Every structure is written in C-alpha cells, then in structure tokens.
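1. task: produce atomic coordinates for the following.
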Amino acid sequence: MRLRLIAAVLLSVIAGATSAAEKVTLRLGDVKGDRFISLRESGELKNLPYDLKLTSFDSGAPVQEALNVGALDVGFTGDLPFLFVYAAGAPVKAIGAWQNNPDSIALLTRPDSGIHSLKDLKGKQIAVNRGGWGHYLVLGLLERAGLKPSDVTLRFLGPVDGRAALASHAVDAWATWEPYVSSAVIVDKDILVPQGGGKGILSGYSYALAREEALKDPAKRQAIADLQARLAKAQVWAAQHPAEFASALSKSLGMPQSITQRWIASAEIRPINFTPVLATTLQQSADFFYRYKVLPKAVNVHQAFDYRLSQQANQVATGQTLATTGKQQPLSGQESPHE
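-> Have a look, this model is predicted:
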C-alpha cells in the first residue's frame, strides 16, 4: 500500500512537472502597448493557460518585420502595413481584427502653414509613413480635392520624425494616427486639415497577425484563439471604462492624461466580427495602392486571412453590439468606409 501511494505521488509530481514544462509561450508584438494595457487593466491576463511575452513598438512596420523574421508569434498592427509584408511574401496570416474610428487617422498642420482646405495642399510638403495609413490617407485626400501626387512633395518619415519635421517647419503637414494625433494637437497645438466631407478615406481596421509556423502548432493555435477572445473582452472593457483606461495608459506610456483621454475618445476602438468581408476591404486598399504604384504589383489578398481561430472573439464582438444597441449591427465592414 505504501509503495502504491509513493508511486501515485511520484506520478502526480512528474505529470505536474511535465505540464509546467510544456506550457506554451506566445511572443506578442504591439504598437505603443495600448492593447496589452487594456488586457492587463481589464483583468484578462489573469490565469492565462500560457505565457505571454510582450514587445512594444512605435509603429506597425517594425511589428511586421519582427513577425517576418520569426521574432514574434503574434503581432497587432494596422491593415496597411500587413498588406505590404504579405505582398512581399512574409509567412503571416491575419487571424482577427478590430476597428478604430477612421477619422482618428488625420492630416495635421500648423496654424501658420496657410493650409485651410485640401486645395491648399498644392505645392506643400507632407510627411507620411510609406505604405501605411498616413500614405493612404494623403493619396485619398488629394484625389478628393482633384489634386495629383505630383502636386505635393511627400516626405516618407516615421511618426516620431514626422512630428519633429512639422514642428521644425521642414514639412507643412503630417498624416498620422492616434496617439500621435492627440499628442500633436494638445502639446504642439497643431490643427486638423478639414477632410472635405464625404465618407472616410480609410477603413480603420487593425489586425491580429500570426506567423504560419505558429498556426501549425496545436498548442499555440489554442493559445492564439484564447488571446483573441481576451483582447476583444478587454477592448469592450476599455470602451466602458474610459477614465480608468486613460489613467492606465498615461501611467504605462508616460503620457499626460489629457492626451490619453483624447486618444480614447477619438479612436473609439471596438472589436468586430472577423469575416471574409475584411478581405474584400483590404483588396480595395491593395488595388488603390497598386493604381498609385505604391505597390509594385497587383496583389490578391484573399489568401492572407485565416478565419478559423476567431470564433470566440466574434462572439464577444456580437455580444457587445447586442448589449449596446439591442440589435445586430454590421461589425464586419459590411459597408466599406473606403471611397
């Protein structure tokens, strides 16, 4: 009896050690860390059945690069940076999505620049992030104003350098996104260039991306699906607790709370159903960029999506809409904000 008891205890210890040794680690990349902070503050990081290692970046492009070289398993970034690495053959799939208010991606200028309308952009220098939201926004706004890309000078700069260039008068305008918009408006006293009415230029979609290698690992697939559901819940929590979220962002990112408050109110981030409609929207972006020769070749993006891990997150997105409006709303881009 004693021998059987000892054997049972030893087997239990060995099983526990094996389980602990096999606990999977997800390497996550985020832009400015805001998604991770919402996960942490909402309590969604408690009792994780896997380990989560975070790296924070200033913009989407470095997230893509880290995914491409295998330094990350999962990355959070905008739809357009993803388009370029996918077009270049990166082994990455979009596996989930959420939406920012498209109008929170904006063209900024100084009060003394002489830019009061889109027509005033002619002859001006504009800072944009090559192949990203800013680049797409400016091309769309020029088109809306009846101007050509040759009517302006585009300066391809990252968000930090773009802000510095506008402040130093090296450029006349700068296209960027949150939280850079709120920081420039509040700290630098920059102003928004009126976008001329009509529907938004951008979709505002951001994606959760995963390396194909990670998607082939059953344990990581399960962890990725769970992480997506937790992120959707965290985003719902953040929208329902803006003051708490703004305070947490301020402390974690070292930003004045006035900036994080404006950022949250402007971005209106919400989870959405991850369906093939998103691929159709990204295809519109790919065709637009190809027409302007930003993409060197035509790209079919429909194989860039893996919808199999989004069921739990989709249920959260649907439940959020039902709770807010009492009826189902088109959360998956069923009417495209693109022009």
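2. okay, CA-based contacts and neighbour counts for the rest of this
-> Will do.
3. Gly53 sits in which helix or strand?
-> Careful, residue 53 is Lys; it's not Gly. With elements taken from DSSP states H and E, the one containing Lys53 is strand 51-57.
4. quick one, strands of the stretch 151-300 of the chain?
-> Counting by DSSP state E, counting those that start in this stretch, one finds strands in the stretch 151-300 of the chain at the ranges 153-156, 173-176, 191-192, 205-211, 270-271.
5. how much space separates Trp237 from Ile37?
-> Noted for Trp237: a distance of 11 Å to Ile37, by Cα to Cα, to the nearest Å.
6. for Tyr205, give me its contacts.
-> Contact analysis of Tyr205 by Cα atoms under 8 Å, 6 or more residues apart in numbering lists Gly78, Asp79, Ala97, Trp98, Gln99, Asn100.
7. farthest-separated two in those?
-> Asp79 and Asn100 (11.1 Å; Cα to Cα).
8. could you measure from Ala175 over to His135?
-> Counting by Cα to Cα, the separation of Ala175 from His135 is 7 Å.
9. repeat that for Ala71.
-> As for Ala71, its distance to His135 is 27 Å (criterion: Cα to Cα).
10. which one of the two is surrounded by more residues?
-> Between Ala71 and His135, counted using other Cα atoms under 10 Å, the more crowded position is His135 (23 against 16).
11. not counting its neighbours along the chain, what's nearest that one?
-> Val128 (5.2 Å; Cα to Cα, 6 or more residues apart in numbering).
12. just give me the neighbour total for that neighbour.
-> Val128 has 26 neighbouring residues, counting by other Cα under 10 Å.
13. quick check: it touching Val152?
-> No - with contacts counted by Cα atoms under 8 Å, Val128 stays clear of Val152, the gap being 11.9 Å.
14. what comes up buried for stretch 61-78?
-> Judged by neighbour count using 16 or more other Cα atoms under 10 Å, the buried positions of stretch 61-78 are 61-68, 70-78.
15. of all the strands of the stretch 151-300 of the chain, which one is nearest Leu278?
-> strand 205-211 (8.4 Å).
16. so how far is that closest one from its chain's centroid?
-> Centroid separation between strand 205-211 and its chain, computed with Cα atoms, centre = their mean, to the nearest Å, is 7 Å.
17. now that strand: mean pLDDT?
-> Average pLDDT, strand 205-211: 95.
18. keeping just the C-alphas, turn that strand into PDB.
-> These are the backbone C-alpha positions of strand 205-211, laid out as PDB (Å, rounded to 0.1, in the frame of the first residue of the first chain):
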ATOM      1  CA  TYR A 205      -9.200  48.200 -39.400                       C
ATOM      2  CA  SER A 206      -6.300  46.700 -37.400                       C
ATOM      3  CA  TYR A 207      -5.400  43.100 -37.400                       C
ATOM      4  CA  ALA A 208      -4.000  40.400 -35.100                       C
ATOM      5  CA  LEU A 209      -1.400  38.600 -37.200                       C
ATOM      6  CA  ALA A 210       0.200  35.200 -36.700                       C
ATOM      7  CA  ARG A 211       3.200  33.500 -38.300                       C
END
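19. could you dump the strands of the stretch 151-300 of the chain into TSV and include distance to Gln257?
-> Shown next, in TSV, are the strands of the stretch 151-300 of the chain (distance: least, Cα to Cα, whole Å):
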stretch	distance to Gln257
strand 153-156	30
strand 173-176	20
strand 191-192	20
strand 205-211	24
strand 270-271	21
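20. among those strands, which is the most enclosed?
-> Across these, averaging neighbours per residue (mean count of other Cα atoms under 10 Å) puts strand 173-176 on top, at a mean of 29.
21. what is that one packed up against?
-> Strand 173-176 sits against strand 106-109, strand 125-128, helix 133-144, helix 159-167, with contacts defined as 3 or more Cα pairs under 8 Å, 6 or more residues apart in numbering; DSSP states H and E.
22. redo that, cut-off 6 Å
-> Packing partners of strand 173-176 (3 or more Cα pairs under 6 Å, 6 or more residues apart in numbering; DSSP states H and E): strand 106-109, strand 125-128.
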